[in-house]
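>>> need a structure here:
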Amino acid sequence: MLMKAARNGTKDGLEKTKLAMMRKVSFLQKKETTGNDDDAGYLDVMVSEVKHPPPQLSPMPKGLSTQQIIRRHIVGSIVQSERSYVDSLKRILVEYQKPLLEPEARILSDKKVRPIFYRLREILQCHSMFQIALASRVAEWDLSEKIGDLFVASFSKSMVLDVYSDYVNNFTNAMALIKKACISKPAFLEFLKKKQVSSPDRITLYGLMVKPIQRFPQFILLLQDMLKNTPRAHPDRLPLQLALTELETLAERLNEQKRVADQVAEIQQLARSIGDRQLSKLLNSDQRQLILCEVLIETVYGEKGQVLKSKERKVFLLNDTLICANVNVKGPPDISSLVPIGPKYTVKWSAPLLQTQVVEVGQESFQSKDTGKRPNVDILPQRAGIGVVFFSSKVFLGPPRLYQELEELQHDLYVVESITLLVGTLQGTYQNLNTTVGQDWCLALQRLIHIKDEQIQCANKCRLRLAVPGKPDKSGRPVSFMVVFNTPSPLSKISWVNRLHLAKIAKREENTPGWVFAEDDGKTRHPFWCPLLACRLPIFSSKTQDQKTALHNPVQCALLAFSAASTSLPQGYLWVASGGDRNHGQVEIFSLNRSMPRMVKSIQMGAPVLCLDHVMEPCPTEEEGEAEAAVTSTARTGNTICVGLQDGNIHVYGTVDTSTQCLLTFSNPDSCPVLCLKHSASFLFAGLGNGKVSVYARKSGEGLWDPESCRLVTVGSGPIRTLLTLENAVWASCANHVTVIQGSSLHTQSFDAHPEPLVSVSHMVRAGGGVWMAFSEGSSIRLFHTETLEHLQEINISTRSTFLSPGQQGSVRVTSLLICQGLLWVGTAQGIIVTLPVPKLEGIPKITGKGMTSLNAHCGPVDFLVVTSSTLSPDMLKRDSVCETADQANGGAGGGEGGERRNELSQESLSQPDCSSPQGEPTKAKGMLLQYRLRSTTQLPGKLLTAEPDQSPCDAPPETPEHSPEDGSIYELSEDPEVWVRGQPPAREGRGKDKVTSAAVFSGGRGFRRLGEETIAANGDPDESTLMVWQLPLTVSP
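Alright, predicted model coming up:
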């Protein structure tokens, strides 16, 4: 029965499998124990390869479509990959564990051998059963073409998670045991050498044992390819999406467990290497968490900017301390080739996190403002092997050459410009003395300034400058020193600056703690990077204004300073709309280009604002692009924002800058309130209060909507509460049912989302292949499939909210929904915000983990939740060759009078023209601004003038060649904290594919309160409209 259940690979088969195991059927044999109870109770399944041959595809039949052929090849890859993986597991047990357990060998005792191979036999059993089911499915592939349900049935079992979790948690310990045995038992080291040499692929024991850690990511990649080549109506599509969800959930849990295990091991290794007992005790505290650690190159510069020395350091960022240590990798080379050797550290210095600051070139946050002179700098003697820079009230920013030369060039340009103006006043004519020569000089100096500015920016990309507090001097004055680290890539620099910034926010009172688990069993550890409350601010001075909705207007700008790009909120503007009385509405626009939003414009409306929608300018196809080539650029409207009002009007505003001109105003035919707005690539959908949806097409040759193209679709008799666009269709909710409207044909398809007719669908959000819905009554949210419209899951929010009393739970109502970075945010009528984990990939966004409740809440309902996100400029991730030569030849940058002013310019460069300026005043033409000075040479013709030889950006380094299967580094061992290499890892920025995204979540509601276990403390006016901002860590995606 067990074999039949495995072959079926269904949920029914899963139940039969469990039943068979509980009954202990005859072919299940109790594993013999040898004194070690690690595997006690384990049932070994005797799988005969004669009776159950390995999976094998039959010959390909004729007449298959292209997608069928591709799917068949992917199935073949799955079969081959699984066969290779199972062979590797068998090889570990047969070639390594079995000989070591034989009494004749006695190289190691059983008590030392069994922990090394802990849980490997159970993992092999899981995949042996999966192979049986896979063979049955593959044999009939051309008849069924289904494989997703097989993955769901095989890997949704709790036993799979248990055995893999045990293996992952034990992996670090297993490697430590192998290393110790290699050092203490030469016979064991010789045994490993012989096994590697005699194997045909020369793969080490470590290379074999690391494969289970990467198995599920490999499955995910294969199923993603399969899903891409599966038509929407195919019966295997939903099972594949569910399989992706199961595998992603499993992989995420294993990754988190390995992260925690590695973190603990890393901190313990550091604590053992520290001679300072107080610091060692501090590290061993349960409150310590390791956020980031990496090998960086510390560089020491001389007075003239020359490099005096550089050395590798391991830098540890803890949740409250920054530690810099020497790395000593010791061990026989024979051992290091077989198993990773952990390092030993010598701590050079440690500093409190809150007193450590990142300092960029040209930034003078510590400089006193009463003088513009360059600070007096003293180079301290080499102390404890560290080259440091001393300063009291002023900061020294490392090598002075680049910034000093930039100031000199700017001074010379000012002088030459003045001379040119004076030459223009000459009455006579003189040879080689005219304004043309002066303009040529100015042009040459501008080009040199441009080059110097690029060199400064390049120097920032891979250089981390930290102002670290030191011991006070003899007079008691505080002394700080500057430490300069070279990072392996710009992406590494961005990560360090961002994590330092977020770690400081995490130390604030409102974030200690900021979230609690609703179902806390005492064992679950909080994920370190919970959303952090960065700030809160009041909006709408009038208390009669009700917040209705908000949206993010992203604005890309390449002028954001490097640190600002890593720490500030996502670039752009936040539009917040409100409704007062019947004849008044308001929109406030906030700039997000700093760490704190600031209001830059307020727009008054003639009626309450009910909805907003940000519309991206359509990207023309190649044919349309050729047709539009002859059209002047003035016809392009850019991105727009549509505003829906209670009086039935729709206003369309431009988003080029904060002047926010109203480009178009039109009303729906019935003049009904516009309750919701959504757009697709070709259509604008407006949900009306009379149960209809008005559909508008774009004007030909323009990006604006055509009011004359309005078509009405009747959905029901009640109001259209919410809209959701999927591709070129829209989901419209009316009462308890949802109607799917195709934009071009207006064909409709309806389904009931709730069994109660009086309950309305109030909110809809999409992720992957599912849509979560909230309702006007009740505390439940429901998940529906986007393609089959099938109801997949239901969650009761009242059971996920910790701070709801039993009397309140019956009145819990969901007032807002949002999905962002793997979290489903739920706002309630009680002002409490709950987050639930959901998958991030193309699968079904089922809730599979524990929910968290925010301790920071509103006093009234959560009116809206909106995500703001922006992508960092790709130029920030490129490493230019000019920075290498510039740094070696000229060094870094020093201070100066303009440091603070230039930093303000770099911070303000994202801001569009201030709305407070008179609208009638002509605005200057915008150009591309330099980071430190409002002067551009990028558009100047001709070759850049420079005294240096021609330099062209070096080509991106080629991608690392693919490793052969026997190479253990295929598993990204350089990222494993247990792997230590003497050289620098290969730079990754050359791929040019990494995308760095900054994200923040905004919530709007009345007032602010802090939830506690016993008391609920309200801060400020509970009736004041308040905006809360949660900042999320930067994410990197290919």
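>>> check which helix or strand the residue in the chain sticking out farthest from the centre maps to.
In the chain, the greatest distance from the average C-alpha position (C-alpha atoms, centre = their mean) is reached by residue 428, at 66.0 Å. Taking DSSP states H and E as the criterion, residue 428 maps to no regular element, lying outside all helices and strands.
>>> who does residue 1010 bridge with?
Residues found in beta-bridge contact with residue 1010 (criterion: DSSP bridges) are residue 856, residue 1017.
>>> any idea how far it is from residue 214?
Spatial separation of residue 1010 from residue 214 under the definition C-beta to C-beta, to the nearest Å is 43 Å. Using the backbone N, CA and C atoms, a C-beta is placed for each residue, glycine as well.
>>> count of neighbours near the residue nearest to residue 506 when sequence neighbours are not counted?
Nearest residue to residue 506, sequence neighbours excluded (C-beta to C-beta, 6 or more residues apart in numbering): residue 532, at 5.6 Å. Summarising burial for residue 532: neighbours were counted as other C-beta atoms under 10 Å, giving 23.
>>> quick check: phi and psi at residue 532.
When quoted as degrees, to the nearest 10, the phi and psi of residue 532 stand at phi -110, psi 130.
>>> might you report the residue contacts of it?
Taking C-beta atoms under 8 Å, 6 or more residues apart in numbering as the contact definition, residue 532 lies against 502, 505-506, 511, 514, 1030-1032.
>>> same deal with residue 346?
Residue 346 is in contact with 273, 325-326, 328, counting by C-beta under 8 Å, 6+ apart.
>>> most neighbours among those residues, please name it.
Ranked by neighbour count under the definition other C-beta under 10 Å, those are headed by residue 325 with 21 neighbours.
>>> same for the strand or helix carrying that one, what does it pack against?
Under DSSP H and E, the secondary-structure element containing residue 325 is strand 321-328. In terms of contact count using 3 or more C-beta pairs under 8 Å, 6 or more residues apart in numbering; DSSP states H and E, strand 321-328 is assigned the packing partners strand 307-318, strand 344-352.
>>> could I get the average pLDDT for the last one?
Going back to what we said before, that points to strand 344-352. Averaging pLDDT along strand 344-352 gives 85.
>>> likewise for the longest one?
Strand 307-318 shows an average pLDDT of 87 in the prediction.
>>> and for stretch 180-199?
When pLDDT is averaged along stretch 180-199, the result is 88.
>>> gap between it and the chain center?
Computed by C-alpha atoms, centre = their mean, to the nearest Å, the separation of stretch 180-199 from the middle of its chain amounts to 42 Å.
>>> and that stretch, which residues are buried?
Using 16 or more other C-beta atoms under 10 Å as the burial criterion, the residues of stretch 180-199 that qualify are 181-182, 188-189, 191-192, 195-196.
>>> look up the closest residue to residue 687, ignoring the ones flanking it.
Once its chain neighbours are removed from consideration, residue 687 has its nearest residue in residue 720; the separation is 3.0 Å (C-beta to C-beta, 6+ apart).
>>> please apply the same query to residue 466.
In space, and not counting its chain neighbours, residue 466 is closest to residue 483: 4.9 Å by C-beta to C-beta, 6+ apart.
>>> what sits against residue 64?
Contacts of residue 64 (C-beta under 8 Å, 6+ apart): residue 72.
>>> read off the pLDDT value for it.
At residue 64, the predicted lDDT confidence score is 89.
>>> same thing with residue 632?
At residue 632, the predicted lDDT confidence score is 43.
>>> can you offset everything so residue one is 25?
Will do, 25 is the new start, and the previous item becomes residue 656.
>>> buried sites along the longest helix that the chain contains?
The helix that spans the most residues within the chain, counting by DSSP state H, is helix 261-296. Of the residues in helix 261-296, 261-278, 281-282, 284-287, 289-291, 293-295 count as buried by neighbour count, 16+ other C-beta under 10 Å.
>>> out of the helices and strands packed on strand 345-352, nearest to residue 1020?
Among the helices and strands packed on strand 345-352, strand 331-342 comes nearest to residue 1020, with 18.3 Å by C-beta to C-beta.
>>> can you point out the buried residues in the closest one?
Across strand 331-342, burial judged by 16+ other C-beta under 10 Å covers 337-342.
>>> do the same with stretch 812-823
Using 16+ other C-beta under 10 Å as the burial criterion, the residues of stretch 812-823 that qualify are 813, 816, 819, 821-822.
>>> in JSON lines: those residues, plus pLDDT.
Supplementary listing: those in JSON lines, determined by pLDDT from 0 to 100:
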{"residue": "813", "pLDDT": "92"}
{"residue": "816", "pLDDT": "93"}
{"residue": "819", "pLDDT": "91"}
{"residue": "821", "pLDDT": "87"}
{"residue": "822", "pLDDT": "83"}
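>>> please tabulate those in CSV, including the columns secondary structure and distance to residue 187.
Converted to CSV, the buried residues of stretch 812-823 look like this (DSSP: H, G, I helix; E, B strand; the rest coil; distance: C-beta to C-beta, whole Å):
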residue, secondary structure, distance to residue 187
813, coil, 37
816, strand, 28
819, strand, 29
821, helix, 33
822, helix, 35
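>>> if we can go back for a sec, turn the buried residues of strand 331-342 into TSV, including distance to residue 456.
Formatted as TSV, the buried residues of strand 331-342 follow (distance: C-beta to C-beta, whole Å):
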residue	distance to residue 456
337	56
338	60
339	57
340	62
341	60
342	65
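>>> what lines up beside the strand holding residue 349 in the sheet?
Each strand paired with strand 345-352, and its direction, by DSSP bridges: strand 331-342 (antiparallel), strand 368-376 (antiparallel).
>>> tell me the mean pLDDT over it?
Confidence over strand 345-352 (mean pLDDT, whole number) is 87.
>>> tilt between that strand and helix 261-296?
Between strand 345-352 and helix 261-296, the angle formed by their directions is 80 degrees, by axes from the mean of the first three to the mean of the last three C-alpha atoms, to 10 degrees.
>>> with just CA atoms, put strand 345-352 into PDB.
Presented in PDB, the C-alpha positions along strand 345-352 are these (Å, rounded to 0.1, in the frame of the first residue of the first chain):
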ATOM      1  CA  THR A 345      28.200  47.000  18.300                       C
ATOM      2  CA  LEU A 346      30.700  47.300  15.400                       C
ATOM      3  CA  ILE A 347      33.800  45.100  15.700                       C
ATOM      4  CA  CYS A 348      36.900  45.000  13.500                       C
ATOM      5  CA  ALA A 349      39.200  42.000  13.700                       C
ATOM      6  CA  ASN A 350      42.300  40.500  12.100                       C
ATOM      7  CA  VAL A 351      41.700  37.200  10.300                       C
ATOM      8  CA  ASN A 352      44.100  34.400  10.900                       C
END
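>>> no further questions, thank you.
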